[in-house]
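Trainee: fold the following for me, if possible:
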Amino acid sequence: MVQQFFLQRKTWIALFLPPTEAFLLNRDEMLGNSHGEPCVMDMRSAVCKQGQFKEAILLDASMHTTMLHARLDHKSLPEAKLAHAHIVQTGFKADTSLDTKLVIAYAKCNTLADAYRLLVEVPNRNVVSWSALIAAYAKHGHSEKALTLYHEMRESSIFPNQFTFASVLQACGGLAALKHGRKAHQEIIRSGFESDGFLGCSLIDMYVKCGRLQDARHVFEKMPQRDVVSWTTMIAAYARPGIVKEAISLFCQMQQTGIQPNQFTFTIVLPACTQIAELENGRQVHVGIIKSGLHCDLLVGSALVDMYVKCGCIEDARTIFNELQERNVISWTTMISGYAQDGHTEEALKLYREMQEAEIQPNQHTFATILPACASSAALEHGKGIHKDIIRSGHQSDVFVGSALVDMYAKCGSLDEARNVFERMDERTVVSWTSMITGYARYGYMDKALELFHKIPSRDAVSWTAMIAGYTHNGFFNEALKFFRQMQLKGMERNSLTFTSILPACSNLASLKNGKELHEDIIKSGLQSDPIVGNALIDMYAKCGIIEDAQKVFNNMTERVAESWNAMIVGFAMHGCGNKAIKLFEQMEQCGTKPNHITFVGILSACCHAGLVDDGRHYFKCMSQNYQITPTVEHCGCMVDLLGRAGCLDEAEEFVNKMPIKPDATLWGSLLGACKIHTNIELGERVAEHLFELEPTNASYYVMLSNIYAAAGRWDDVEKLRTIMKARVVVKMPGCSWIEVNGKVHTFLVGDNSHPQLQKIYAELERLSGQIKEAGYVPKTNYALRDVEEEHKENILSIHSEKLAIVFGLINTLPGKPIQIVKNLRVCGDCHSAIKFISKIAVREIVVRDNKRFHHFKDGQCSCRDYW
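Mentor: Purely as a prediction, here's the structure:
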């Protein structure tokens, strides 16, 4: 019998331990150890010699149980299965605690089906084993099964403890099962666990997930003792859009009560500050972190970096990042993201390389962050290198990384590479499809974009919007409107991006009818308070000639960002309202909104169109002195235009020669335009030389120089220019004007003879020409660039496209209704003069938008006061 005991012991020890450990344990237990302590062999030999075989068996069972407990404590699935198998094979009768521990082991290893079978099989089930299994099901998202188990437990007359209730509440929260949650709450109260802090936090969490924030707050307020965990749980409940200020308020209350925040509290309250751009509160939290000594904590440090990045304080973020004693992939990615989003591409790429040198392996979020940086700066070679890193790290199958790669290649112009990545993707999201469509649209391949659009398995608002944006971007404004109408008919929900993509189409067509309909749609969609949509509406109304409606939209905005002020200032500039633009700029400063480079382009343009030379000079200096904005070629162009129009041609030329940046064609073009206004041939010729070198095929510059020669009667030079244009194959863009009547856009070219109402238009034009001549109109034949008889010049001028469009409007609209037309080129001086007379004779307000600005004609006067 003794030999049998020893044989059995050696067998189960071998089963439970690795070979080396089993040998050593056998040796120690059988032979004793160097300290002279009694071994199992000694103890059992003594018992057996006395004939007490029953006691020897009990001793062996005790050691057997101890070994099983020790093995299950490792919480390893293979070890749990080995222990379970041994119990079954040997017929060993485990005690209740061992049964419970085996259930727990299976549950914690997520082998839930095995755990449940074992629970059903064991004779002595207790609250611990039930709770462990309920907790496992709740933890792994099987909330319904967790609640089912809870009901089975109650039917088995097992009374729940605090841990059971915590898991049940977690399951209720996962299902948003408020009814079950309230019932569990009542049972907690009846069980006397209401004052338990752990359960209090679980109740708060459950009510929050069920959408009952007030009930959660009620539980919190009734807690007899609130510790850092309960405060943090409640703060987390409020740290969401719309109510985040209450989270910050609770954080302040927590500190006032003397409860010290821990690292989890800080990692919740810092993003709360970020949500509402509360930089000052964020800085105060930072001070508290330093005082608590948690500034070196990795999680807290990463949250600080993220807060400063999202509040636009990239330098502060970098300081925190540099001070971190330990950095993980999250902190590195956060800092890289900050640089990438702030436009510091080189810094983002440099940090990415430093991350690799630090032997921190980028994850899918890192790649999805750094690739847009390559896309924004067209850093194709860097992007290709990162693509190789992605393949080496095995993240090429990640759908977000794949979409970022498609976007990067598309924005860098490598459409074939983008398509290759797209075609190799195992899974494609709407982002993947949209990135490829947007790539084609960006480079004008709308046919390929449309082909791909029709292949999308499930088209949503994002994909429809991408197509609308593509058509608008490529100048297919009518197609964009048609696509938008199709989207409406499909019942697709339009978002802010949809409206900001389609409104510019209305702006470019000057389609006020469509623009107003879109405004109504925006109000119905509840997006009128969105600042980005508001900005697009301001731009649309301004470009459709209704500056008053643009101002109404601006005045009604509940939230104004810098872009909102810019849109209104630029609108005033287009309409020649220089003083209104200046007044608005001053209001912008008073409201604390910092002007940016676009603001100054707008204000300088406003000064230019209104002839406010001294104000223009002031704002140009103010830009760099007060706001540290370095003037760009656009700002300099505005100054040249301002000085040139005012007749300060020498100052304008000197300004160009002293510029720290190289003048572009647009800037030289402004100076040439000024030479045309003031008929300065000598300067005009010098400027034209620069322009012909920079853009030898741009017809507008040849036309302006021709105008200067024609005005001076130098017809030989006009003909020479025509010869040069023919030799260089320079094609003049024909003048084109259009008008919207009853929702339809009608287009006219100079001398147009294709319109269905051709005869009516020319008959009315002839009648009107006679009337305005009687009223004092004298044709400005110097604008007819032909060395022909005066009468022929008059005929050439009379059939300009803007006159044809205006006459069509007079014929097809009710008397007294304002007429609005758009011209693709600058309105000529003769047409400007004629339209003033037409507005008085026809008793109509006529609004003309050319490629420079708006002219509002009324009662024989123009809003530009002939300064244009």
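Trainee: any weak-confidence spans in the protein?
Mentor: Regions of the chain meeting the criterion pLDDT under 70 cover residues 1-99, 101, 103, 106-108, 110, 377, 782-795.
Trainee: ok, which stretches of this structure are strands?
Mentor: With strands called from DSSP state E, the chain shows them at 736-741, 744-749, 819-823, 846-849, 854-858, 861-862.
Trainee: so which of those strands is the most surrounded?
Mentor: Among the strands of the chain, ranked by average contacts under mean count of other C-beta atoms under 10 Å, first place goes to strand 819-823 (a mean of 24). (Glycine included, C-beta is placed from N, CA and C.)
Trainee: that strand packs against which elements?
Mentor: Helices and strands in packing contact with strand 819-823 are listed as strand 736-741, helix 801-812, strand 846-849; criterion 3 or more C-beta pairs under 8 Å, 6 or more residues apart in numbering; DSSP states H and E.
Trainee: distance to Phe692 added to the strands of the chain, as CSV?
Mentor: Output for those, formatted as CSV (distance: least, C-beta to C-beta, whole Å):
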stretch, distance to Phe692
strand 736-741, 25
strand 744-749, 27
strand 819-823, 25
strand 846-849, 29
strand 854-858, 30
strand 861-862, 33
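Trainee: quick one, which of those strands is nearest to Gln225?
Mentor: Shortest distance between Gln225 and the strands of the chain, using C-beta to C-beta, is found for strand 854-858: 69.2 Å.
Trainee: pairing partners for the closest one, with directions?
Mentor: Counting by DSSP bridges, the strands paired with strand 854-858 are strand 846-849 (antiparallel), strand 861-862 (antiparallel).
Trainee: to Asn579, which of those lies closest?
Mentor: Evaluated over the strands paired with strand 854-858, closeness to Asn579 peaks at strand 861-862, with 17.0 Å, by C-beta to C-beta.
Trainee: so what touches that closest one?
Mentor: 832, 835-836, 839, 855-856 (C-beta atoms under 8 Å, 6 or more residues apart in numbering).
Trainee: 10 Å instead?
Mentor: Residues lying outside strand 861-862 but in contact with it, judged by C-beta atoms under 10 Å, 6 or more residues apart in numbering, are 576, 827, 832-833, 835-836, 839-840, 846, 848, 854-856, 868.
Trainee: how far does it sit from its chain's centre?
Mentor: Computed by C-alpha atoms, centre = their mean, to the nearest Å, the chain-centroid distance of strand 861-862 equals 45 Å.
Trainee: follow-up on the earlier one: want to throw the helices and strands packed on strand 819-823 into TSV with distance to Glu559?
Mentor: As requested, those are arranged in TSV below (distance: least, C-beta to C-beta, whole Å):
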stretch	distance to Glu559
strand 736-741	32
helix 801-812	38
strand 846-849	29
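Trainee: for these, which one sits closest to Ser769?
Mentor: Each of the helices and strands packed on strand 819-823 was scored for nearness to Ser769 using C-beta to C-beta, and the closest is helix 801-812 (8.7 Å).
Trainee: other SSEs contacting the closest one?
Mentor: The contact analysis (3 or more C-beta pairs under 10 Å, 6 or more residues apart in numbering; DSSP states H and E) places helix 801-812 against strand 736-741, strand 744-749, helix 758-774, strand 819-823, helix 829-841, strand 846-849.
Trainee: the same query, at a cut-off of 8 Å, please.
Mentor: Packed against helix 801-812 by the contact rule (3+ C-beta pairs under 8 Å, 6+ apart) you find strand 736-741, strand 744-749, helix 758-774, strand 819-823, helix 829-841.
Trainee: can you get me a residue count around Asn508?
Mentor: 16 (other C-beta atoms under 10 Å).
Trainee: and it, what does it touch?
Mentor: Taking C-beta under 8 Å, 6+ apart, we find Asn508 in contact with 472, 475, 477, 543.
Trainee: thought the last one was touching Arg849?
Mentor: Yes: checked against C-beta atoms under 8 Å, the pair Lys543 and Arg849 is within contact range at 7.0 Å.
Trainee: overlap in contacts of those two?
Mentor: Jointly contacting Lys543 and Arg849 under the rule C-beta under 8 Å, 6+ apart are 510, 574.
Trainee: now Val290: how far from Thr267?
Mentor: Not Val; residue 290 is Ile. The spacing between Ile290 and Thr267, counted by C-beta to C-beta, to the nearest Å, is 15 Å.
Trainee: isn't Leu643 right up against Ala652?
Mentor: Yes: contact status for Leu643 versus Ala652: in contact at 3.9 Å, counting by C-beta under 8 Å.
Trainee: give me the common contacts of the two.
Mentor: Ala674.
Trainee: please indicate which of the contacts of Asn508 are buried?
Mentor: 472, 477, 543 (16 or more other C-beta atoms under 10 Å).
Trainee: how many residues are close by Ala358?
Mentor: Applying other C-beta under 10 Å, I find that Ala358 has 9 neighbouring residues.
Trainee: residues contacting the residue nearest to it when sequence neighbours are not counted?
Mentor: Taking C-beta to C-beta, 6 or more residues apart in numbering, and ignoring the residues beside it in sequence, Ala358 has Arg327 as its nearest neighbour in space, at 7.3 Å. When the contact criterion is C-beta under 8 Å, 6+ apart, the partners of Arg327 are 298, 321, 358, 360.
Trainee: and for Gly413, the neighbour number?
Mentor: As a burial measure, the neighbour count of Gly413 was computed by other C-beta under 10 Å and equals 14.
Trainee: how about it, nearest residue that isn't a chain neighbour?
Mentor: With sequence-adjacent residues excluded and distances taken as C-beta to C-beta, 6+ apart, Gly413 is closest to Tyr443, at 6.7 Å.
Trainee: now the one you found: how far from His473?
Mentor: Distance, Tyr443 to His473, by C-beta to C-beta: 10 Å.
Trainee: looking at those two, which has the bigger crowd around it?
Mentor: Neighbours around Tyr443 and His473, counted as other C-beta under 10 Å, are more numerous at His473. The numbers are 17 against 14.
Trainee: if we can go back for a sec, now, the contacts of Arg327 that are in helices?
Mentor: Among those, the members falling in helices (DSSP state H) are 298, 321.
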